[in-house]
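[1] Next one to model:
(2 chains)
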Amino acid sequence: MSDASLIDELPGELLMWVLIISELLVFGAGMVAFMGVRLTDPAGFAEAQSHLHRTGAAFNTAVLVTSGYLAAQALQWRQVARRGVARLALIGAAFLGVVFLVIKGVEYADKAAQGISYESHPFFLFYYLLTGFHAAHVLAGVGILLLVTWRDDPRNIEAGAQFWHMVDLVWIMLFPVVYLLG
Amino acid sequence: MVNNPLIKAWFALLGLSLGSALLTMTPVPPAVMGGGILLLALIKGRIILARYLELAHSPAWLRGFTIVLTGFAVLIFGLYSI
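    Down below sits the predicted model:
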């Protein structure tokens, strides 16, 4: 099999995959750095982690994977010319992205109320950097999903959904590393 | 409807997420819990790659992503276990 045919096997646009791989590498490096710094103060990291809302974050996992399902299903529906239901699914996916951000906002507000900031402990510096950078991607993803709802060419929906699945995939790895491995 | 691979993937992701939550409440040694949580996350990641990102249609790419993701999970587990 030639390299050209292997690249052609990738679904969607090649540049979207370049973006996806780049983002995964950036977040992956951040998580490795987080675990590396944790070695300097495992007890402090565990104590700091105990202040996080695991239940809310676990619920957000369900929210994102459900949103990802709707985005993936929207593409399939659009490919068989079911434009209306595809658009509804995309709006639903975007709405769940907003739900994710609201829950994240409540979590941040709770930390602020406890007097916890990025300066409180190195754990929280990484916590805000990693989850904040991810939340920024969720916000961008919501905008992209709404954009491809409007401009609903199947290729647009595929690109938008792929971005959204990348955001989903990052959270799937970020959640256990930041919230559970104390 | 039940034969829809996307719906199966969605249910699997929800079930595995519930499994992670239950694992954190189970009295097991930290290494077992950490390894189990990362294994479940790895399986979830592979499902997203295969079904949501449609790499199931491109086995070579799915294999490549799975190898890299597995290496990442092993590295995280190693740092967690030290």
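
[2] give me the low-pLDDT residue ranges for the chain?
    Just so you know, I chose chain A. Counting by pLDDT under 70, chain A has low-confidence residues at A:1-4.

[3] You answered for a different chain; I wanted chain B.
    B:1.

[4] for chain A, what are the nearby residues on it?
    B:6-7, B:9-10, B:13-14, B:17, B:20-21, B:24, B:34, B:37-38, B:40-41, B:44-45, B:48-49, B:51-55, B:57-58, B:60-61, B:69, B:72-73, B:75-76, B:79-80, B:82 (C-beta under 8 Å from any C-beta of the partner chain). In this view, the C-beta of every residue, glycine as well, is placed from N, C-alpha and C.

[5] redo that, cut-off 6 Å
    Taking C-beta under 6 Å from any C-beta of the partner chain, the part of chain B that reaches chain A is made up of B:6, B:10, B:13-14, B:17, B:21, B:24, B:34, B:37, B:41, B:44-45, B:48, B:52-54, B:58, B:72, B:76, B:79-80.

[6] Let's see which of those end up in helices.
    B:6, B:10, B:13-14, B:17, B:21, B:24, B:34, B:37, B:41, B:44-45, B:72, B:76, B:79-80 (DSSP state H).

[7] what two of the residues you listed are the furthest from one another?
    B:Leu6 and B:Leu79 (34.1 Å; C-beta to C-beta).

[8] quick one: A:Tyr128 and chain B, what's the gap?
    20 Å (C-beta to the nearest C-beta, to the nearest Å).

[9] Oops, could you answer that again for A:Ala48 instead?
    Taken as C-beta to the nearest C-beta, the span from A:Ala48 to chain B is 15 Å.

[10] count of neighbours near the closest residue in space to A:Leu39 that isn't next to it in sequence?
    Computed as C-beta to C-beta, 6 or more residues apart in numbering or on different chains, the closest residue to A:Leu39 that is not its neighbour in sequence is B:Ile82, at 6.0 Å. By the measure other C-beta atoms under 10 Å in any protein chain shown, the count of residues near B:Ile82 is 10.
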